Every structure is written in structure tokens, then in C-alpha cells.
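J.: Predicted structure and sequence below. I'll ask about it afterward.
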Protein chains: 2
Amino acid sequence: MILTVTLNTALDLTYRVPALTPHASHRVTEVRERPGGKGLNVARVLAALGHDVTVTGFAGGDTGRVLRERLAADGPRVTDALAEVAGATRRTLAVADATTGDTTQFNEPGPAITPAEWTAFLDTYDGLVRTPGTHAVALCGSLPPGVPVGAYALLVRAARAARVPVLLDTSGEPLRRGVAARPDIVKPNADELAELTGSHEPGQATRDARRRGAHTVVASLGADGLLAVTPEGTWQARPPAVVRGNPTGAGDSAVAGLLSGLAEGLPWPERLARAVALSAATVAAPVAGEYDARTYEDLLPRVTVTDRAAA
Amino acid sequence: MILTVTLNTALDLTYRVPALTPHASHRVTEVRERPGGKGLNVARVLAALGHDVTVTGFAGGDTGRVLRERLAADGPRVTDALAEVAGATRRTLAVADATTGDTTQFNEPGPAITPAEWTAFLDTYDGLVRTPGTHAVALCGSLPPGVPVGAYALLVRAARAARVPVLLDTSGEPLRRGVAARPDIVKPNADELAELTGSHEPGQATRDARRRGAHTVVASLGADGLLAVTPEGTWQARPPAVVRGNPTGAGDSAVAGLLSGLAEGLPWPERLARAVALSAATVAAPVAGEYDARTYEDLLPRVTVTDRAAA
């Protein structure tokens, strides 16, 4: 089983409108609604790849109730271990303009988590990482109000104490503090990596992120694919061609690729190829945040993985 | 008891954002959520004025469940007689730009009502209008998909057969068909009246709307207040000054003013003064669709009602 943690879960809405005009009234022609937050997106892709996943984090209020009902309908591979809180789970809304193809995003604030809810969650989490058969943990996304900024450092340490490999995918100060707790893998994008290290040169920045504590750094570089600096070597994995589409969720699919490969004991080049193919198949999918299985199968054997240390 | 009918109920969301920028990502700084649809807005104002109200129409899905829970929390004066349907109640979203004060509106489509659900509703409605103590009925707003365009004509006739005064507040073809069924009162705004009659001159248009079947026409003319053409006479009621603010819900407050005055047996000039004061107090209220009680008390004695027949 793979555990994913989403402290700031969301009910993701997508509205399609003929054209977005500020200060006008719009008829919404299509409404989509699904469980969101990075760790839940990772879990959905892992389940599609055939892995059993347990999801934890916080859910509350009417939106939390709907989110959990939708999660239960997603199938038996995903186990709901979300902690109920008094505050309401946030919504995110993506307004998709059918004329331009552009998206306008609105993110509600997350629920305020009380100190007692946070303390209770630490116990829940500790029980989950210590459950026999937990192969890996992914810590994903932003922190809701009330959760201490050093939260991920605590969660990284608890996973390491339980000897479960832990991947961290967040940004800003929570990433900085989390990295110092020595996670097995961090997966920043180029902006997050530059914010962490002060360097816009990926090679230098990934090395610096490792010096700050991460055992392995897998940087997602958009069309340039993934750059992985690991204790076993350095590789760059690239998609065979530039894929056009919506990048929403591409990073979450890459995390699912890395974790599934880790759980299956694949060598790094195969994990990276899988992560790049899943990520590109997510960009190409018609629905934001889902991946197209046929595109994935097609791209997987054509991803190029270069040994950078040997180059 | 006053009965309000809202066939296309909605869960009304309001997002406050610092500034709306198309195709950007926005942090929502404030979220409000409340039961909506014109008949539910009318019911809220009637309850605030001390009247018992029963609300009917359709509700369904997760949004319908939340709407009914919020309605129950609104207090004991509002009785929920909404009919459960399989489709999901729509949301409406108003994005309020804190910089310009402007609002951008997104309206989800309503649920598709099946022929069986519509037929069952007609029985429910007939039972409600025939309940002893039903003093008046208000038929409010748009029709969801699946409800026949002549729906309001049926509902007007059923109310008249039960000898309960019926007010119709809708637009377009549903208004045209409903007027032909001879409702006691229609309350169009200037645009709706012009669309119905082809005339942009309020005096002529209101007389024409009466010829089409309405016993009384109360036209809402924005800053010019209300023009009422009734079997007992013709009056124009004006607020003492132009009120600035958000006009959302001002028409619903006017309907509540007219119905409460009818239920209390007030003469027309007093009903109109109440409707104008409530309407202006709604424009002035900080929250869209609510009225400011102190503004209402202040404006009420200062509304001018002119006898147009005598003029």
C-alpha cells in the first residue's frame, strides 16, 4: 500500500463557459466536480496503475462530505483515511473559456485546523506509516490555516522513524523546512527549486537541494522532462516530443509514476520514464488532471533517459 | 401563510477576490453561501417581516441537500415543502471584485426535471394552495430544463381555482403564457415589461400588460420606484433619494413587500410604500440580496406615493 497525505484537500469544480467576460453574467454550459488536492490526484493515478492507496489529510463540512462520497465511488483501490475536521473543505474553481482555451482559477481558503485536530492527525498519521505493508508515503501540496509551517518536517521524520520511504511535493517555507528533515525524495518544479535554492540553473539547484537534506531530488522541468539527482546517479528523462494541452495535474502524475516505480522496485531510469510518460499523458488528456492511458502506453517506450554523470 | 414557488432553486455562492484578472489564478478572500432562487429570497424577506412562509419548488443532489439544511437553519417561520428530484440543484456564483466593486456572474444550468417529477409537483402544489390559511402565492423566477414553458399558466389557474391571490414574477415566454392565465399581480421590471408588450413607455406598457390578462401590473422601474396599475387605481411610488449599492434581490424584496401588504389587508398605497422601502433597503445593504432593517425603517415614511389617475 502507498500512503498519500493531502492536508489541504479540495473539491475541484470546472465550469465551461462560451467566453469569459469580466463583470458580465455567464451561462455555464458544463459543470465537473471531483475530489482534488495534490495527494488525492496522485492516489487516483496510482489506483489506475493498479496500486492500493490509502489517502489521509483533512476533510470537513458539506464540501468534505461530498468529497468523501466521490472518493468512495472512485473504486476499491483507494482507502479513505481522511480525518474529519470542524472546518469546511475548500473548493477550487477552474473557469474554462471555450473560445480561447484559457482557464481562470479561483481557490477558496482552506479550513482552519485547530491545534487539537492537528495533534490528533499526527497520531493517525503515525499509525498509518507504521501499518505493515506501507511501501511509501507522499506528502503533497499546501498547508491549510492553523497547521504549523514545519508540519512536513514532522511528517518526514515520522516516516523515516518507521523506515518508510517518503516523498515531499510542496513549495515555499513548508518545502524548505521539510527538506531539512531529510526526506528520501523531493519533487520540486523549476520555480519551487529556484525559490528553495536561489539558483535558476537546474543542475546547480538540484545539487544544492540535496545539500539541504533531500536524499534524491527529482526536478520537473516542463517540456524538458525530469532531472533526477540520486545517491545512485544522475539522469535526465525527456518526452519524445513537446506535448500540448493542460498541464494541471502533470506534476501529480509524475509523483505517482515515481512512487509506483519505487513500490515495484524498478531501477531509477524506469521510474523516471514512467513518470515522464504519465506526466505527458496528463497534459494531453482532454480532462484536466486525468491521464490518457493510450497516450501513456504510446509514450512510455519512447521516453529518452540520459545518464548525466556518464555524459 | 404565504406560499412561494421557486422551480429553479439555487445555492448562491459569492467569492470576494482582490481583483479579477482573466486567465490568472485568484486567492478567494471570502466565501458566502446561501439558499437562492427568487422565491427563496422573497421567503427570507417575508419571514424577516414576521410572516409565516412555505417554500416549494424543486431541490436535489448534494447542492439541494445543502440548500435544505441552510433553509432549516433560517428559522421556524420558513417551512420547507420543496419536492426532491433526481437532478442536482444548480449553483450560482457571483465573483465580487474588491477593487472595482463589480460582480462577474456564473449560473450553472438547472437540473433536468422529468415528466413524472413535474406531474407529481402539480399535485403537491395543488395541495399547498388548497391548504386553509394560504393567503397568497408568489410564482418566481426561471424554469429549469424539462418543465413546460406554460408551467406558470397551470400554476396561476390552480391558485385561482383555489381562490388564493397569485403574483407572477418571471420573464420571457413563461411570463407571456402566465399572464394569459390571468394572475392577480405581475411584477415585471422595465426590460421584462418591454419584452412582453413591445413598448418602452411604462404607462402604455403596463396598460397593455393588463389587457393581456394581468389584473394588476406593478412595474419596477429602478430609481423611479414602482408604477402600479390596479383595478382600484394607478399609483407611482418613489424612494426619497437615489440609493446606491447592489441591486441584486431588490425585485424580490419588492415582491415580499407587496405580498406582506396583501396578506395584512393594507391599501395599495401602503403596500407600494413598503415594497419601495424594502427594495431600496436591499440595494443599500452590504450583503447582496439582504435588506438593511434600519434603512428600511428610515425610508418607509419618506416614500412618496402619487395617485396617477388623479394627476
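T.: All right, it came through fine.
J.: need the helices for the stretch 101-250 of chain A, in chain order.
T.: Counting by DSSP state H, counting those that start in this stretch, the stretch 101-250 of chain A has helices at residues A:115-129, A:151-161, A:172-180, A:190-197, A:202-211, A:250-263.
J.: how about CSV for the ones you listed, with distance to chain B added?
T.: In this view, the C-beta of every residue, glycine as well, is placed from N, C-alpha and C. As requested, the helices of the stretch 101-250 of chain A are arranged in CSV below (distance: least, Cβ to the nearest Cβ, whole Å):
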stretch, distance to chain B
helix A:115-129, 20
helix A:151-161, 20
helix A:172-180, 14
helix A:190-197, 13
helix A:202-211, 24
helix A:250-263, 15
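J.: Which of the ones you listed has the highest mean neighbour count?
T.: By mean neighbour count, with neighbours taken as mean count of other Cβ atoms under 10 Å in any protein chain shown, helix A:250-263 ranks first of the helices of the stretch 101-250 of chain A at a mean of 27.
J.: Pull up the residues of chain A that are close to chain B.
T.: Residues of chain A lying close to chain B by Cβ under 8 Å from any Cβ of the partner chain are A:15, A:17, A:20-29, A:31, A:62, A:65-66, A:69, A:91, A:93, A:95, A:97, A:100, A:102-109.
J.: mind listing which of those are in helices?
T.: A:Asp62, A:Arg65, A:Val66, A:Glu69 (DSSP state H).
J.: Now flag whichever of those residues is closest to B:Leu175.
T.: Proximity of those to B:Leu175, judged by Cβ to Cβ, is greatest for A:Asp62, which lies at 34.2 Å.
J.: What does the pLDDT read for the residue nearest to the closest one when sequence neighbours are not counted?
T.: In space, and not counting its chain neighbours, A:Asp62 is closest to B:Val66: 4.7 Å by Cβ to Cβ, 6 or more residues apart in numbering or on different chains. Predicted confidence (pLDDT) at B:Val66: the value is 94.
J.: swap in A:Arg34?
T.: The predicted structure lists A:Arg34 with a pLDDT of 91.
J.: again, but for A:Leu278
T.: The confidence metric pLDDT takes the value 97 at A:Leu278.
J.: CA atoms only: put the helix or strand hosting it into CSV for me.
T.: Using DSSP states H and E, A:Leu278 falls within helix A:268-284. Extracted C-alpha coordinates of helix A:268-284, given in CSV (Å, rounded to 0.1, in the frame of the first residue of the first chain):
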residue,chain,number,x,y,z
TRP,A,268,15.7,4.8,-11.4
PRO,A,269,15.7,5.1,-15.3
GLU,A,270,12.5,3.0,-15.5
ARG,A,271,10.8,5.0,-12.7
LEU,A,272,11.7,8.3,-14.5
ALA,A,273,10.5,7.0,-17.9
ARG,A,274,7.2,6.1,-16.3
ALA,A,275,6.9,9.5,-14.5
VAL,A,276,7.6,11.4,-17.7
ALA,A,277,5.2,9.3,-19.8
LEU,A,278,2.4,9.7,-17.2
SER,A,279,3.1,13.4,-16.9
ALA,A,280,2.9,14.0,-20.7
ALA,A,281,-0.2,11.8,-21.0
THR,A,282,-1.8,14.0,-18.3
VAL,A,283,-1.0,17.2,-20.3
ALA,A,284,-2.5,15.5,-23.4
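J.: between the helices of the stretch 101-250 of chain A, which gets nearest to A:Val78?
T.: Each of those has some distance to A:Val78 by Cβ to Cβ; the shortest is helix A:250-263, at 12.2 Å.
J.: Show residues contacting that closest one.
T.: A:2, A:38, A:41-43, A:45-46, A:49, A:51, A:135-136, A:138, A:140, A:165, A:167, A:169, A:185, A:187, A:189, A:218, A:220, A:226, A:270-272, A:274-283, A:289, A:291 (Cβ atoms under 8 Å, 6 or more residues apart in numbering or on different chains).
J.: ditto for stretch A:297-311
T.: A:203, A:225, A:227, A:233-240, A:269, A:272-274, A:276-277, A:280-281.
J.: what about 6 Å?
T.: Contacts of stretch A:297-311 with the rest of the structure, by Cβ atoms under 6 Å, 6 or more residues apart in numbering or on different chains, involve A:233-238, A:240, A:269, A:272-273, A:276-277, A:280.
J.: cool, stretch A:44-63 as well?
T.: With Cβ under 6 Å, 6+ apart, stretch A:44-63 has contacts from A:1-7, A:9, A:11, A:40, A:43, A:67-68, A:77-79, A:81-83, A:85-89, A:91, A:111, A:128, A:253, A:256, A:260, B:66.
J.: Quickly list what the closest residue to A:Arg32 other than its chain neighbours is bridged to.
T.: Among residues not flanking A:Arg32 along the chain, A:Thr14 sits closest, at 4.3 Å (Cβ to Cβ, 6+ apart). When bridges are called by DSSP bridges, A:Thr14 pairs up with A:Arg32, A:Ala94.
J.: Give me the distance between the residue nearest to A:Ala158 when sequence neighbours are not counted and A:Ile185.
T.: Computed as Cβ to Cβ, 6+ apart, the closest residue to A:Ala158 that is not its neighbour in sequence is A:Asp126, at 5.4 Å. According to Cβ to Cβ, to the nearest Å, A:Asp126 stands 20 Å off from A:Ile185.
J.: Could I get the buried residue list for stretch A:265-283?
T.: Buried residues in stretch A:265-283, defined by neighbour count with 16 or more other Cβ atoms under 10 Å in any protein chain shown: A:266, A:268-283.
J.: got a list of contacts for that stretch?
T.: Outside of stretch A:265-283, the residues that reach it under the criterion Cβ under 6 Å, 6+ apart are A:225-226, A:228, A:230, A:235, A:237, A:239, A:243, A:245, A:247, A:249-250, A:253-254, A:257-258, A:261, A:291-292, A:295-296, A:299-300, A:303, A:305.
J.: Give me the neighbour count for the residue nearest to A:Arg32.
T.: Residues lying near A:Thr14 (other Cβ atoms under 10 Å in any protein chain shown) number 20.
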